[in-house]
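Q: here is a sequence together with a model predicted from it:
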Amino acid sequence: MQLEQQNTLPDGLLDAKPEELHKILPNPTLLHLPGARERPLFISVLQHGNEPTGFLALQALLQKYQSHNLPRSISIFFGNTLAASQSQRHLTNQPDFNRIWPGTELPPTPESHIAQEIVAIMKQKQTFASIDIHNNTGLNPHYACVNKLDNCFLQLASFFSRLIVYFTRPKGVQSDAFAKFCPAVTLECGKPGQKYGVEHAFDFLDTILHLEELSNNPVNLKNIDLFHTVARVKIKDNIDFSFQNQASLMLNTDLEWMNFTEIPAGTTLGKIKQQTPLPLTAINEHGEDVSTDFFSINNLELQINRQTMPSMLTLDEQVIRQDCLCYLMERIQP
Ligand SMILES: [Zn+2]
């Protein structure tokens, strides 16, 4: 597997469906297109093959500038096109592409070497800003994530949403690797297949493309809601779970309504069949197990221990298994 770099728009790219992109770009590809301002905007799409919104927004952007100059150069990374051909987050024999970037805790792979190469190239090009575009599967509002609380990061994020999430785990995400040398955000554009998500991402890209610079002034805290992730929750590998059927852990079907809502202590997430240790683990930003700080079992009910705000809760069992059950967050007070 080798990184390909191209400097012209590949034939058919503007009309390709995400599932067809692999035919045009079979290898991991970095596409550099020149614009009026030299320092490029880096855009990464389809790191997760079943999250097409970023690619669709990018196609709209490239269509807009087909007949006139881009206001700024752009460099585009087309992530996991093979997984996209099967509408999968990643294939079973592949790593999660958004866990392979410098800073990763995973062992080296051909994919992580490519990520390193991309970082080196983009660092040398003095990247203006980095935007990584995602979807999620649960009911979540649109929000932007940052891995650094610097003013220019928050300024960049606030162009997308007043809702901003600061996180430092998981490691090996693209935005964190780029945060070392330029302002970087991850956009969460709601569920795939929503036209509004594509329009929102397109508007954001076009806005950032026109900026001469990103302000380093403090963001007015009245204009943003800033949260930080305090734990990532995973169901233990040896626990079978379900929303419908009998299982060791039976999760409530209304879970995703709790996303971005502050839920009180005592809220029940599901039931367990028999008295066992906690069926899930909550790991904080330092990699410490904080499961019992947040969860307990009462009368075979899995409950939250203290007020918290979940995000990314989903009813998609495969996503829960491949990624996580949810993140827990707390508000960062001004
Ligand atoms: Zn994603």
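A: Structure received. Keep in mind it's a predicted model, so treat the numbers as computed, not measured. Numbering: from 1, shown residues only.

Q: C-alpha only now, for contacts and for neighbours.
A: Will do.

Q: which parts of the stretch 1-150 of the chain are helices?
A: Assigned by DSSP state H, counting those that start in this stretch, the helices in the stretch 1-150 of the chain fall at 21-24, 53-64, 81-85, 110-124.

Q: hmm, who's touching the third one?
A: Read that as helix 81-85. Residues from elsewhere that reach helix 81-85 (C-alpha atoms under 8 Å, 6 or more residues apart in numbering): 18-22, 25-28, 46, 48-50, 52, 89-91.

Q: ok, back up a step: to residue 288, which of the helices of the stretch 1-150 of the chain lies closest?
A: Comparison of these against residue 288 by C-alpha to C-alpha identifies helix 110-124 as nearest, at 25.0 Å.

Q: how far off centre is the closest one?
A: 19 Å (C-alpha atoms, centre = their mean, to the nearest Å).

Q: list the buried residues for that helix?
A: Buried positions in helix 110-124, judged by neighbour count with 16 or more other C-alpha atoms under 10 Å: 111-115, 118-119, 122.

Q: ok, now stretch 274-281?
A: 278-281.

Q: picking that back up, got the helices of the stretch 1-150 of the chain as CSV, with mean pLDDT columns?
A: Listed next are these as CSV, based on pLDDT from 0 to 100:
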stretch, mean pLDDT
helix 21-24, 97
helix 53-64, 98
helix 81-85, 97
helix 110-124, 98
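
Q: just the helices in the stretch 151-300 of the chain please.
A: Using DSSP H, counting those that start in this stretch, helices in the stretch 151-300 of the chain cover 151-158, 174-178, 195-210, 291-294.

Q: which helices and strands does the third one pack with?
A: If I follow you right, that is helix 195-210. Secondary-structure packing of helix 195-210 (3 or more C-alpha pairs under 8 Å, 6 or more residues apart in numbering; DSSP states H and E): helix 53-64, strand 70-78.

Q: redo that, cut-off 10 Å
A: strand 35-45, helix 53-64, strand 70-78, strand 129-134, helix 151-158, strand 184-188 (3 or more C-alpha pairs under 10 Å, 6 or more residues apart in numbering; DSSP states H and E).

Q: run the angle between the fourth one and strand 184-188 for me.
A: Here strand 129-134 runs at an angle of 20 degrees relative to strand 184-188 (axes from the mean of the first three to the mean of the last three C-alpha atoms, to 10 degrees).

Q: alpha carbons of strand 129-134, as PDB, please.
A: Taking Å, rounded to 0.1, in the frame of the first residue of the first chain, the C-alpha atoms of strand 129-134 are listed here in PDB:
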ATOM      1  CA  ALA A 129      -6.000  24.700   8.900                       C
ATOM      2  CA  SER A 130      -7.200  21.200   9.000                       C
ATOM      3  CA  ILE A 131     -10.800  19.900   8.700                       C
ATOM      4  CA  ASP A 132     -11.800  16.300   9.100                       C
ATOM      5  CA  ILE A 133     -15.400  15.500   8.400                       C
ATOM      6  CA  HIS A 134     -17.500  12.700   9.900                       C
END
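
Q: in the lowest-mean-pLDDT helix or strand in the chain, what's buried?
A: The helix or strand of the chain with the lowest confidence, counting by mean pLDDT, DSSP states H and E, is helix 317-322 at a mean of 89. Using 16+ other C-alpha under 10 Å as the burial criterion, the residues of helix 317-322 that qualify are 319-320.

Q: identify all contacting residues around that helix.
A: Helix 317-322 is contacted from outside by 88-90, 92, 96, 136-138, 233-237, 240-243, 312-314, 323-326, using C-alpha atoms under 10 Å, 6 or more residues apart in numbering.

Q: elements contacting the next helix or strand after it?
A: Next helix or strand after helix 317-322 toward the C-terminus (DSSP states H and E): strand 326-331. For strand 326-331, the elements it packs on are strand 163-166, strand 225-235, strand 280-283, strand 309-311, judged by 3+ C-alpha pairs under 10 Å, 6+ apart.

Q: strand 326-331 to strand 225-235, inter-axis angle?
A: Taking the same axes, to 10 degrees, one finds strand 326-331 and strand 225-235 inclined to each other by 150 degrees.

Q: what's in contact with strand 326-331?
A: Against strand 326-331 from outside (C-alpha under 10 Å, 6+ apart): 138, 165-167, 225-235, 256, 259-262, 282-284, 294, 307-314, 320.

Q: out of these, which end up buried?
A: 138, 165-167, 225-235, 256, 259-260, 282-284, 294, 307-314, 320.

Q: quick check: residue 122 touching residue 42?
A: Yes: taking C-alpha atoms under 10 Å as the definition, residue 122 is a contact partner of residue 42 at 7.8 Å.

Q: quickly list what's touching both of these two.
A: Joint contacts of residue 122 and residue 42 (C-alpha under 10 Å, 6+ apart) are 30, 75, 128, 130, 178, 182.

Q: can you redo those residues as a markdown table with pLDDT?
A: Output for those, formatted as a markdown table (pLDDT from 0 to 100):
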| residue | pLDDT |
| --- | --- |
| 30 | 98 |
| 75 | 98 |
| 128 | 98 |
| 130 | 98 |
| 178 | 98 |
| 182 | 98 |
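
Q: can you say which of the helices and strands packed on helix 195-210 is nearest to residue 194?
A: Checking the helices and strands packed on helix 195-210 against residue 194 by C-alpha to C-alpha gives helix 53-64 as the closest, at 8.1 Å.
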